[in-house]
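S.K.: have a look at this fold, sequence not included:
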């Protein structure tokens, strides 16, 4: 068996590559890995409580962007046509905000939606700018770093907050549980997709154990939007996964096991009543924590502000927030932009066996479902959604088939 280990400057052969082959791993891939790792760790409860999580993640990406620009010195090539929608979105939203603020004397730019959209565009541009140089090995390395950091986050949440907690309690134990839940579920998706490429039995079992723990924590935190996504992810995997022929038997076994489990009254009460329904009984509005009523009031909230919105209202849904805050035209454009990664990945994954493209599909459909229930998804806030826009930017600038290269090509201005 060949092994490669880096010891005092000498290289030995190993299955684990501490020395990264320059043909497979780019400098920017290593940078993305570091940024992703620390961005996820910025969501640790202790850091969130200090109020510096957003600052840390912003500093990480701004420093990385400055490094990119100063190193490439404008010599890197980028297909403007492929990112034109993002450019149009950026300038349209800026122009709309300026005009609407002048007309109404309201601060359209001082909203969470405005900040989150532009932060997502910024991360997207980073991915698109260096995307041609990123290999599938870079993507895998970045995904593994995200998974490791998310596992650390999950363990911290479990042992400091959720261990021994009463799962039937209606009161949520962690204020940022929705953001943490999205990150943890994204990590579970990464573990799920890449588990089919692992050959080592030990690593495969370890990966399955980590994935199971992450999904378990999503249930314990009662991140119900992510729980809703589970059957959707399973259905998509059966239909479109590169490994769909191998997944059918495990899915059937899982479904049978779940059906058997729900026959037990105690398990049914815990899974359905306490977790899925959030310990609430009564009408749909109560079960949805008031979200259903917000949808019913959409027409009334937009009355008199149909074209430019009211500039301030925030609802428990990106779709509602965009329409009420920015009006039909700009709000519709924001919703269309949120759907862009999903539409692109659906179109490309049909004839593409890339694990990275399939992962993008799962992440984008998950985040857009989350947009129905949460105010800022799939734009944020911050660390919650960066992985989607980073991977989308990278995959978008590949060739017309959306394929990702196995090894690096030499691009002028980037080493």
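M.R.: Now that the structure is in, tell me what you want to look at. All values reported here derive from a predicted model rather than from experimental measurement. Numbers count the residues shown, from 1 in each chain.
S.K.: next secondary structure after the helix ranked longest in the chain?
M.R.: The residue-count maximum for a helix in the chain (DSSP state H) belongs to helix 318-349. Next along the chain after helix 318-349, taking DSSP states H and E as the criterion, comes helix 355-373.
S.K.: kindly calculate the angle that that next one makes with helix 318-349.
M.R.: Calculated by axes from the mean of the first three to the mean of the last three C-alpha atoms, to 10 degrees, helix 355-373 forms an angle of 160 degrees with helix 318-349.
S.K.: show me what helix 355-373 packs onto, helices and strands only.
M.R.: Helix 355-373 sits against helix 136-157, helix 177-194, helix 224-240, helix 318-349, helix 386-396, with contacts defined as 3 or more C-beta pairs under 8 Å, 6 or more residues apart in numbering; DSSP states H and E. To be clear about C-beta, it is placed using only N, CA and C from the backbone, and glycine gets the same treatment.
S.K.: let's see 10 Å
M.R.: Here helix 355-373 is seen to pack against helix 136-157, helix 177-194, helix 224-240, helix 291-296, helix 318-349, helix 386-396 when contacts are counted using 3 or more C-beta pairs under 10 Å, 6 or more residues apart in numbering; DSSP states H and E.
S.K.: ok so, going back, buried residues, the longest helix of the chain. List them.
M.R.: 318-327, 330-331, 333-335, 337-338, 340-342, 344-345, 348-349 (16 or more other C-beta atoms under 10 Å).
S.K.: quick one: residue 110 from residue 100, how far?
M.R.: As judged by C-beta to C-beta, to the nearest Å, residue 110 and residue 100 stand 12 Å apart.
S.K.: the two: who's more crowded?
M.R.: Higher neighbour count among residue 110 and residue 100: residue 100, with 23 against 12, using other C-beta atoms under 10 Å.
S.K.: the more buried one contacts residue 331, correct?
M.R.: No: with contact defined as C-beta atoms under 10 Å, residue 100 does not reach residue 331; the gap is 11.5 Å.
S.K.: please enumerate the shared neighbours of these two.
M.R.: Here residue 100 and residue 331 share the contacting residues 307, 308, 309, 325, scored by C-beta atoms under 10 Å, 6 or more residues apart in numbering.
S.K.: for the residue nearest to the last one when sequence neighbours are not counted, which three-state class applies?
M.R.: Leaving out its chain neighbours, the residue that sits closest to residue 325 by C-beta to C-beta, 6 or more residues apart in numbering is residue 309, at 4.8 Å. Assigned by DSSP: H, G, I helix; E, B strand; the rest coil, the conformation of residue 309 is coil.
S.K.: for residue 309, phi and psi?
M.R.: Main-chain dihedrals, residue 309, degrees, to the nearest 10: phi 70, psi -170.
S.K.: could you count how many residues lie near it?
M.R.: Residue 309: 26 neighbours (other C-beta under 10 Å).
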